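S.K.: Let's see this in three dimensions:
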Amino acid sequence: MSADHPPAAPGTRFPAPPERAARPAAGPAPANGADAGPKSERTRQRILDAAARTFRDKGYAGTTLNDIAVAALLRAGSIYYHFDSKERLLEEVLDIGIARVSAAVQRAIEALPPDISPTERIRTGIEAHLRSLLYHGEYTSASFRIFGQAPRDVQSRILSRRRAYADYWRHMLREARAAGEIPAERDLGLARMFLFGALNWSVEWYDPEKGALDDFVREAAETCLHGILAPPGAGADGERYAEGAGVVRRER
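M.R.: As a prediction, the model looks like this:
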C-alpha cells in the first residue's frame, strides 16, 4: 500500500458522510419555509429509497429520473426540488450504502473488550458487515452492484470511504497474522478480496425465509474463518466441535 494511504487502525473514525441537511435544494425554497420541515425530509427519504431500489434493479444507465419518480409515487419535477441530477442522487445512494456497513462494523468492534483476540475481532466484523448489508439490502446492494457503473467523478468522491473501510480490514488481518492466528505465508490482499466478495454477494442470494439472520451470520463467519473441511480428529459422520459454544454440532 502506498504511503499516502496508511492502514486505518480499528478505533480510527471513518470519513463522515456528507451532511444531508446542509446540502442546498436544487430549486428555490418556498417563502413559508416548508422545505425544512418533516414532510420535506420524508419526501426526500422516499426518493432515496426509490432510487436505491431502481438503481439496484436497472443499473445506472438504465434508470431515469422518471423511473425513480414512479417508484416513489411522485411527479418527476419533485425530484429536482431535492436533487439537481441523477448523478447527485446516485452519489448519495452509494454513500449511504457503504456508510451504513462501515459504521455498523466499527461500532461492533469498538464494543468488544480490549483484550479480545484478533480472530474474534474479525469474526465480529464479518457478522456486523453481513447484518448491516442484508438489513439495508437495497442501499448496500446498489452500492456494491453498480459502483463500477457510476460516472468517474462520483466514483472518486466515494472512494475515500471505501478505501478507509478496506484499510480497516487490512489492519485487522495484519494484526491476526502478527499474533500467529493467520499463517505468515497467507496472501492477505487475496484473503480480503475473497472475503469481501463472498460477503457482498450474499445480498443476491440470501433468503430470510430459510432461517434467522443471526444464525446465518454466525454460520457465515464460521465458514469464512474455518472453511468447510472438518478439523483434524473430527468424526467421519460430520460431527464437529463448535469452538466457543461448548457443544458438538452435527452437520445436516
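S.K.: Figure out how far stretch 192-212 is from the centre of its chain.
M.R.: Taking the mean C-alpha point of stretch 192-212 and that of its whole chain, the gap between them comes to 11 Å (Cα atoms, centre = their mean, to the nearest Å).
S.K.: To clarify, my last question referred to stretch 64-74.
M.R.: Using Cα atoms, centre = their mean, the distance between the centre of stretch 64-74 and that of its chain works out at 25 Å.
S.K.: Name the residues of that stretch that are buried.
M.R.: By neighbour count on 16 or more other Cβ atoms under 10 Å, the buried set for stretch 64-74 is Leu65, Asp67, Ile68, Ala69, Ala71, Ala72, Leu74. Bear in mind the C-beta positions are built from the backbone N, C-alpha and C, glycine included.
S.K.: before we move on, what about stretch 217-224?
M.R.: Using 16+ other Cβ under 10 Å as the test for burial, stretch 217-224 gives Val217, Arg218, Ala220, Ala221, Glu222, Cys224.
S.K.: Please apply the same query to stretch 176-194.
M.R.: Judged by neighbour count using 16+ other Cβ under 10 Å, the buried positions of stretch 176-194 are Ala176, Arg177, Ile182, Ala191.
S.K.: so which of the buried residues of stretch 217-224 comes closest to Arg170?
M.R.: Arg170 has its nearest neighbour among the buried residues of stretch 217-224 in Cys224, at 16.1 Å by Cβ to Cβ.
S.K.: In terms of helices and strands, where is Phe216?
M.R.: Here Phe216 is covered by helix 213-226, with elements defined by DSSP states H and E.
S.K.: just the helices in the protein please.
M.R.: Secondary structure of the chain (DSSP state H): helices located at 38-58, 65-72, 76-82, 86-110, 118-135, 137-146, 152-178, 188-205, 213-226.
S.K.: So which residue is dead centre in this protein?
M.R.: To find the centre residue of the chain, average its C-alpha atoms and take the closest one (Cα atoms, centre = their mean): that gives Val101, at 3.4 Å.
S.K.: out of everything not next to it in sequence, what's closest to it?
M.R.: On the basis of Cβ to Cβ, 6 or more residues apart in numbering, the spatially nearest residue to Val101 that is not a chain neighbour turns out to be Ser132, at 4.7 Å.
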